[in-house]
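Chemist: I would like the atomic coordinates for the input below:
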Amino acid sequence: MSDTIFSKIIRREIPANIVYEDDLALAFKDIQPVAPIHIIVIPKKPIPKLDEATLEDQVLLGHLLLIVQKIAEQMGLTNGYRVVINNGDDGGQTVDHLHVHLLGDRPMRWPPG
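Modeler: As a prediction, this is how the structure comes out:
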C-alpha cells in the first residue's frame, strides 16, 4: 500500500483535529466538510479500500462503526446522521486508505450523488 495522507496523520506527520483515538482507529474532522459535522474514521491498519478487507478484518470493521456511533452521540446527533464508505474510483474514493465518513447536523437528501 502506498503512503497516504491518512497514514501520515496516524504517524502525526500531518496535523489533524483528532476527536477520537484508540489502538485500532483514529477519527478527525474533515478539512473539506460537506456537512456541519463531518468526521473521518480510519483504521490504523492500512486497508486500501473496502474491497480489500478480509474476514480477518471483520471485528475491525465493526469497531469503526461503533466509533461512528460513539462520536455521533458525543456530538449530539440525536436527530440522525449519515455514514458513508466510498469504494474505488466510481464510488468516489479519493484516498487509498479505507475510511468512514460521519456526516451530520443538517438534513440529508436521497439519492446522495
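Chemist: looks to me like Ala72 is in a strand.
Modeler: No - looking at Ala72 with DSSP: H, G, I helix; E, B strand; the rest coil, it is helix, so not inside a strand.
Chemist: does it touch Asp105 like I think?
Modeler: No - taking contacts as CB atoms under 8 Å, Ala72 lies outside contact range of Asp105: 10.0 Å. Any C-beta I mention is one placed from the backbone N, CA and C, and that applies to glycine too.
Chemist: can you report how many residues neighbour the residue nearest to Asp96 when sequence neighbours are not counted?
Modeler: In this structure, Asp96 finds its nearest non-sequential neighbour in Pro48, 4.6 Å apart by CB to CB, 6 or more residues apart in numbering. Here the count is done by other CB atoms under 10 Å, and Pro48 has 17 residues near it.
Chemist: do the same with Leu60
Modeler: Leu60 sits with 16 neighbouring residues when counted by other CB under 10 Å.
Chemist: cool, Ile39 as well?
Modeler: A count of neighbours around Ile39, defined by other CB under 10 Å, yields 24.
Chemist: how about it, phi and psi?
Modeler: Reported as degrees, to the nearest 10, the phi and psi values for Ile39 are phi -110, psi 140.
Chemist: run through the residues that contact the spatially closest residue to it that is not a sequence neighbour.
Modeler: With CB to CB, 6+ apart as the measure, Leu102 is the residue that lies nearest to Ile39, at 4.2 Å, once sequence neighbours are left out. When the contact criterion is CB atoms under 8 Å, 6 or more residues apart in numbering, the partners of Leu102 are 27, 37-41, 68, 71-72, 81-83.
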